[in-house]
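Visitor: Below are the sequence and a predicted model for it; my questions follow.
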Amino acid sequence: MVYTAVLGYGVVGSGVVEVINKNRDSISMRAGDEIAVKKILDIRDFPDSPDKELLTKNAEDVFGDDSISVVVETIGGIGVAYQFTKRALEAGKHVVTSNKELVATHGPELLKLAKEKGLSYLFEASVGGGIPIIRPLGQCLAANEISGITGILNGTTNYILTQMRREGKDFSEALKEAQLNGYAEADPTADVEGHDACRKIAILSSIAYNEYVDYRKIQTQGITKISLTDMQYAEAMDSVIKLVAMSRKQEGRIYARVSPAIVRKEHPLANVEDVFNAIVVSGNALGDAMFYGRGAGKLPTASAVVADVIDIVRHAGSNSANTWKMPEKDNMMDPQEVNGRYFVRIRVRNQEEAARVVNSAFGDVSWVKANNINLEDELAFTTPRATEKVLEQGLSKLKGIGSIRETVNVIKLLED
Ligand code: HSE
C-alpha cells in the first residue's frame, strides 16, 4: 500500500481524492500497488465532506507520518504551498502538484532539492489541465530540438472568448460561468490578465529549451480590452480572437509572449473552443504535433495529478525529477526586435484625412471592413510585417493629429 496526503481540499484537491477512490482498481493495476489517501490537510472545515475522516488541520499529521510517501500539493500560490513543498521534500516525500505559479516561480530550486534527495517533483497538471503535455515534451519529444510552442493555455479566457463570440454574452457573465464551473483561479485576474497563461508558457518553455524561462520576463497582455466589435472585425478577416501563449527559440535566444491574437479560421487553434486548451509543439524531427483536451476543471486536472502519483509508484526508487538549468546570461529576446503584423482600430474625426496619415505612418496597410460595422468615426487596418518597435513608432505618429481621436485597440495577428 502506498499512502498519499493531499494538501488543500479545494476544486483540484477534492477531485484527486475522488479520482483515487473512484478508479481504485485500475489505478492499483497500473501502479503495481494500491494507492490510498491517508490525510487531507486544510485549515478550513468541511462538515459535509465524504472525506471528513481524513481531514486534518495539523501539518505534523502529514510531515511527521513516515508511512506517507507521496504528497499532493493543490493549495496553490507561492506562500504556504512553497513552504510545505520544501518541507515534504526535506522529509523524504515525493511531491506532485498542479500549482503552476509555484513551479514557474520556484521550479529550479524545488527540482534541485528533489534531485538531491532522490525524489520526484512532478507537475503534469500545472499546464493544460488534463492534457498530457509536460511528460510528452520532456520525454516523448526528447529527441527533438524544439523550436517553438504555440498554445491556448487558459481555459477560463478561452471559455469567455467563446461565449462572447458564439452567444454574444458579455464578459462578466461569461466569467461568472467559468467561476461556477471551477475553471477560474481564486482571483480571476490571473486568468483574464494573462498571468496564468504566462506561467504556463514559462514552464513549457523551460522544459522545451532546457533552461529556465523566467515568467516575469514574458510580455503579457490579457483579454479585458477585447470587445464584441473586435470579434466582428476578426470575423470579417475570416478569423477569431484567442488568448495565445507562444515561445520561440531563435539563434540561442528565447522570445515568449502572451496576448490576444487574431487567428485565421483554418489554423488548428481557431477551433479550440470553451474550456479546451491546445498546444502546438514544433520539433526538428517530428515537425508539428498538437495536444488537445480539457484545460481546466476538477476531474480533468485531478486526472493529470493522479497520473503523476501513479508514475511515482510505478517507478518506485528511481528519481524522475529533471533540473532546469539557470541561464548564464539573459536568455530572452527583446520583444521590440520581433517581427509581426497587427490589427489596429482607430477612432477618427475625418476618415479620408486619417487614412492618409495611416498610410504615411505604416506604409502599405490593408483596410478591414466589416459588413455589420459601419462606424463613421472609425478605421480598422492591418499593418505590414514589421518589428514591434516600428509598430510603436507608427502608432506614435497617429498621436496629436487633428483627424485622429485615439487608438482603440491593437491586436497581433497569429502568423504561423
Ligand atoms: N484557471 C486555470 C484556467 C485553471 O482557466 O486555465 C487551470 O490551470
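Guide: Ah, there it is.
Visitor: Spell out which residues of the chain are next to the ligand.
Guide: Gly129, Asn154, Gly155, Thr156, Tyr183, Ala184, Glu185, Asp191, Asp196, Gly295, Ala296 (Cβ under 6 Å from any ligand atom). Backbone N, C-alpha and C define where each C-beta goes, glycine included.
Visitor: Any chance of those residues in a markdown table with secondary structure as columns?
Guide: Shown next, in a markdown table, are the residues of the chain next to the ligand (DSSP: H, G, I helix; E, B strand; the rest coil):
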| residue | secondary structure |
| --- | --- |
| Gly129 | coil |
| Asn154 | coil |
| Gly155 | helix |
| Thr156 | helix |
| Tyr183 | coil |
| Ala184 | coil |
| Glu185 | coil |
| Asp191 | helix |
| Asp196 | helix |
| Gly295 | coil |
| Ala296 | coil |
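Visitor: who wins for most neighbours among the residues you listed?
Guide: Asn154 (33 neighbours; other Cβ atoms under 10 Å).
Visitor: Can you tell me how far that one is from Glu376?
Guide: Between Asn154 and Glu376 the computed distance is 36 Å (Cβ to Cβ, to the nearest Å).
Visitor: Then Val358?
Guide: For Val358, the distance to Glu376 - Cβ to Cβ - is 16 Å.
Visitor: low-scoring stretches of this structure, by residue?
Guide: Residues of the chain that meet the criterion pLDDT under 70 lie in 319-321, 374.
Visitor: what about 80?
Guide: 317-323, 371-375, 416 (pLDDT under 80).
Visitor: the helices in it, which residues?
Guide: Using DSSP state H, the helices of the chain run over residues 11-22, 24-31, 60-63, 80-90, 100-117, 134-135, 155-167, 171-180, 189-192, 195-208, 228-236, 298-314, 351-362, 388-398.
Visitor: Return the most buried member of those.
Guide: Counting by mean count of other Cβ atoms under 10 Å, helix 195-208 has the highest mean neighbour count of the helices of the chain, with a mean of 27.
Visitor: if we can go back for a sec, which one of the helices of the chain lies nearest to Met332?
Guide: Nearest to Met332 among the helices of the chain is helix 195-208 (9.9 Å), distances taken as Cβ to Cβ.
Visitor: Packing partners of that closest one?
Guide: Where contact means 3 or more Cβ pairs under 8 Å, 6 or more residues apart in numbering; DSSP states H and E, helix 195-208 is packed against helix 100-117, helix 134-135, strand 146-152, strand 219-220, strand 239-250, strand 253-264.
Visitor: Just want the angle from that helix to strand 146-152.
Guide: 160 degrees (axes from the mean of the first three to the mean of the last three Cα atoms, to 10 degrees).
Visitor: Could you give the separation of helix 195-208 from the chain centroid?
Guide: 6 Å (Cα atoms, centre = their mean, to the nearest Å).
Visitor: okay, the angle between that helix and strand 253-264?
Guide: 130 degrees.
Visitor: Closest one of the residues of the chain next to the ligand to Phe84?
Guide: Distances from Phe84 to those, taken by Cβ to Cβ, are shortest for Glu185, at 19.2 Å.
Visitor: Can you report phi and psi for the closest one?
Guide: Taking degrees, to the nearest 10, you get phi -70, psi 160 for the backbone angles of Glu185.
Visitor: Please apply the same query to Glu415.
Guide: phi -100, psi -30.
Visitor: Please verify my assumption that it contacts Tyr342.
Guide: No. In this structure, Glu415 is not within contact of Tyr342 by Cβ atoms under 8 Å, at 10.7 Å.
Visitor: and those two? which has more neighbours close in?
Guide: Legend: neighbour count by other Cβ under 10 Å for Glu415 and Tyr342, higher for Tyr342 (22 against 13).
Visitor: Kindly state the beta-bridge partners for that one.
Guide: Lys412 (DSSP bridges).
Visitor: Tell me the spacing between it and Arg264.
Guide: In terms of Cβ to Cβ, Tyr342 sits 15 Å off from Arg264.
Visitor: repeat for Ser282
Guide: 17 Å.
Visitor: Likewise for Ala202?
Guide: From Ala202 to Arg264 the distance is 26 Å (Cβ to Cβ).
Visitor: same question, Glu60
Guide: Counting by Cβ to Cβ - Glu60 and Arg264 are separated by 56 Å.
Visitor: likewise Gly77?
Guide: Where Arg264 is concerned, Gly77 sits at a distance of 37 Å (Cβ to Cβ).
Visitor: if we can go back for a sec, can you tell me which of the helices and strands packed on helix 195-208 is nearest to Asn322?
Guide: That would be helix 100-117 among the helices and strands packed on helix 195-208, by Cβ to Cβ, at 6.3 Å.
Visitor: orientation of the closest one relative to helix 80-90 in degrees?
Guide: 10 degrees.
Visitor: who's in contact with helix 100-117?
Guide: By Cβ atoms under 8 Å, 6 or more residues apart in numbering, the list of residues contacting helix 100-117 from outside reads 73, 76-78, 81-82, 85-86, 89-90, 92, 94-95, 97, 120-121, 123, 126-127, 190, 196, 199-200, 202-203, 206, 212, 215, 319, 321-324, 326.
Visitor: Next up, the contacts around the closest residue to the ligand within the stretch 251-400 of the chain.
Guide: Going by Cβ to the nearest ligand atom, the ligand is nearest to Ala296 of the stretch 251-400 of the chain, at 3.7 Å. For Ala296, the contact set (Cβ under 8 Å, 6+ apart) comprises Gly129, Asn154, Gly155, Thr156, Gly182, Tyr183, Ala184, Val275, Asn277.
Visitor: same thing but 7 Å
Guide: Gly129, Gly155, Thr156, Tyr183, Val275 (Cβ atoms under 7 Å, 6 or more residues apart in numbering).
Visitor: Next, give phi and psi for it.
Guide: Here Ala296 shows phi and psi, under degrees, to the nearest 10, equal to phi -160, psi 170.
Visitor: For it, give its distance to Gln163.
Guide: From Ala296 to Gln163 the distance is 14 Å (Cβ to Cβ).
Visitor: cool, Gln219 as well?
Guide: Taking Cβ to Cβ, one finds Gln219 at 26 Å from Gln163.
Visitor: And for Ser259?
Guide: Counting by Cβ to Cβ, the gap from Ser259 to Gln163 is 20 Å.
Visitor: Ok, Leu269 next?
Guide: 17 Å.
Visitor: cool, and Arg199?
Guide: Taken as Cβ to Cβ, the span from Arg199 to Gln163 is 24 Å.
Visitor: Export stretch 399-414 to PDB, keeping only CA atoms.
Guide: This file holds the C-alpha atoms of stretch 399-414, laid out as PDB (Å, rounded to 0.1, in the frame of the first residue of the first chain):
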ATOM      1  CA  LYS A 399      -0.900  60.900 -31.800                       C
ATOM      2  CA  GLY A 400      -1.700  64.600 -31.900                       C
ATOM      3  CA  ILE A 401      -3.100  64.500 -35.400                       C
ATOM      4  CA  GLY A 402      -6.300  66.500 -35.800                       C
ATOM      5  CA  SER A 403      -8.100  63.900 -37.900                       C
ATOM      6  CA  ILE A 404      -7.500  61.100 -35.400                       C
ATOM      7  CA  ARG A 405      -9.000  60.900 -32.000                       C
ATOM      8  CA  GLU A 406      -7.400  57.800 -30.500                       C
ATOM      9  CA  THR A 407      -6.200  54.300 -31.000                       C
ATOM     10  CA  VAL A 408      -9.000  51.900 -29.800                       C
ATOM     11  CA  ASN A 409      -7.200  48.600 -29.900                       C
ATOM     12  CA  VAL A 410      -4.100  46.800 -31.300                       C
ATOM     13  CA  ILE A 411      -4.200  43.000 -31.700                       C
ATOM     14  CA  LYS A 412      -1.400  40.900 -33.000                       C
ATOM     15  CA  LEU A 413      -2.100  38.500 -36.000                       C
ATOM     16  CA  LEU A 414      -1.100  34.900 -35.400                       C
END
